[in-house]
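Undergrad: what follows is a predicted protein model with its sequence.
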Amino acid sequence: TNGGNNQSPRVNNRRDVVWTRYDFSVQPWIGRIMLYSDGAVTDITPGECQCQGPDINDAGHVVWQDNTGVQFWDGEMVTMLAPIAGTARINDADEVSLAIWDFRENLRKHAIFKSGAIYVLPSFGFTTSRSSLNDRAEMAMNLLNLDNGHRELFLLRREGTNGDFNQDCVIDLYDAWILQRCGTAEPGPEGELLAECTRGDFDGDSDIDSQDWAAFINAYTGPGSMIDGCEP
């Protein structure tokens, strides 16, 4: 209620909130990234900028976009992650999904900032809208088909080992419970398996049957061993 135009709030599990406070009374307009934490409101953007679209993780780290690119705040300093980019979302591993401009193809593409590097994903003939990611760096992406104007939802999922449903590199009783549930579940779209159940289909015939159970038992590691070469 300070007279500013406050928009786009995001909250983490510590109840910290970030949002954009716009000032449209000046030209060009100004957008500041505001943080509510421990009962205090702070402007975390240095100087004047056209900042907007913030997101915050449970460490209190914040990303946003401005007219130069995607910025990252670690609680003390602001660092640019990618130029000519926007629509950033951050997970608790400080990995960031974003949209980045590809000058060669003249369209925006989804990308992910991970381990200090930017990885640009294929466009599949679409241009990027928005994305989000979980703590395993799996992404949900909204893409626009330039030929017909339709929007489609794409998922970027980690490729896991068959039988390891929660991708912890251990095949144990938790995975057996998921496999049992998948064996009695209703089929997914067009009669196929639900996405969660595909790691239980060892023989690739789009069902969970006795052959898959036998393969699961053979792959079972128990809680004390890990799958060879697997990275959680």
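TA: On my side now, so go ahead. Numbers count the residues shown, from 1 in each chain.
Undergrad: CA atoms for contacts and neighbours, from now on please.
TA: Fine.
Undergrad: where's the residue nearest the centre of the chain relative to residue 154, distance?
TA: The centroid of the chain falls nearest to residue 133 when counting by Cα atoms, centre = their mean (0.8 Å). For residue 133, the distance to residue 154 equals 12 Å [Cα to Cα, to the nearest Å].
Undergrad: identify the contacts common to those two.
TA: Each of residue 140 lies in contact with both residue 133 and residue 154 under the rule Cα atoms under 8 Å, 6 or more residues apart in numbering.
Undergrad: the residue nearest to the centre of the chain: what's it in contact with?
TA: Counting by Cα under 8 Å, 6+ apart, residue 133 makes contact with 89-91, 96-97, 139-140.
Undergrad: rerun at 10 Å
TA: Each residue near residue 133 by Cα atoms under 10 Å, 6 or more residues apart in numbering is listed here: 88-92, 95-98, 112, 139-141, 155-157.
Undergrad: buried subset of the residues you listed, written for PyMOL?
TA: Buried residues among these (16 or more other Cα atoms under 10 Å), as a PyMOL selection:
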select buried, resi 88+89+90+91+92+95+96+97+98+112+139+140+141
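Undergrad: restricted to strands, list the contacts of residue 133.
TA: Within the contacts of residue 133, residues falling in strands by DSSP state E are 88-90, 96-98, 112, 139-141, 155-156.
Undergrad: re the thing from before, any idea which of the contacts of residue 133 is the one closest to residue 47?
TA: residue 88 (20.5 Å; Cα to Cα).
Undergrad: helices of this structure, start to end?
TA: According to DSSP state H, the chain carries its helices in the segments 173-183, 210-219.
Undergrad: what's the angle from the longest one to helix 210-219?
TA: Relative orientation of helix 173-183 versus helix 210-219 (axes from the mean of the first three to the mean of the last three Cα atoms, to 10 degrees): 170 degrees.
Undergrad: beta partners for the residue nearest to the centre of the chain?
TA: For residue 133, the beta-bridge assignment (DSSP bridges) gives partners residue 139.
Undergrad: gap between it and residue 113?
TA: Residue 133 is 11 Å from residue 113, by Cα to Cα.
Undergrad: rewinding a little: can I get the ones in strands among the contacts of residue 133 in CSV including distance to residue 10 and pLDDT?
TA: Listed next are these as CSV, based on distance: Cα to Cα, whole Å; pLDDT from 0 to 100:
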residue, distance to residue 10, pLDDT
88, 12, 95
89, 10, 97
90, 11, 98
96, 15, 96
97, 15, 95
98, 16, 93
112, 20, 94
139, 18, 92
140, 18, 92
141, 19, 90
155, 22, 87
156, 23, 86
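Undergrad: picking that back up, just name the most buried of the helices of the chain.
TA: Comparing the helices of the chain by mean neighbour count (mean count of other Cα atoms under 10 Å), helix 173-183 comes out on top with a mean of 17.
Undergrad: what sits up against that one?
TA: The contact list for helix 173-183, computed with Cα under 10 Å, 6+ apart, reads 163-167, 185, 193-194, 196-201, 207-210, 212-213, 216-217, 220-223.
Undergrad: worst-scoring helix or strand of the protein, pLDDT-wise?
TA: Sorted by mean pLDDT, DSSP states H and E, the helices and strands of the chain end with strand 126-133, the least confident at a mean of 84.
Undergrad: got the CA positions of that strand in PDB?
TA: Extracted C-alpha coordinates of strand 126-133, given in PDB (Å, rounded to 0.1, in the frame of the first residue of the first chain):
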ATOM      1  CA  PHE A 126       8.800 -24.000 -31.400                       C
ATOM      2  CA  THR A 127       9.600 -20.700 -29.600                       C
ATOM      3  CA  THR A 128       9.800 -20.400 -25.800                       C
ATOM      4  CA  SER A 129       7.200 -19.000 -23.500                       C
ATOM      5  CA  ARG A 130       7.700 -20.000 -19.800                       C
ATOM      6  CA  SER A 131       9.300 -22.800 -17.900                       C
ATOM      7  CA  SER A 132       9.800 -24.100 -14.400                       C
ATOM      8  CA  LEU A 133      12.000 -26.800 -12.800                       C
END
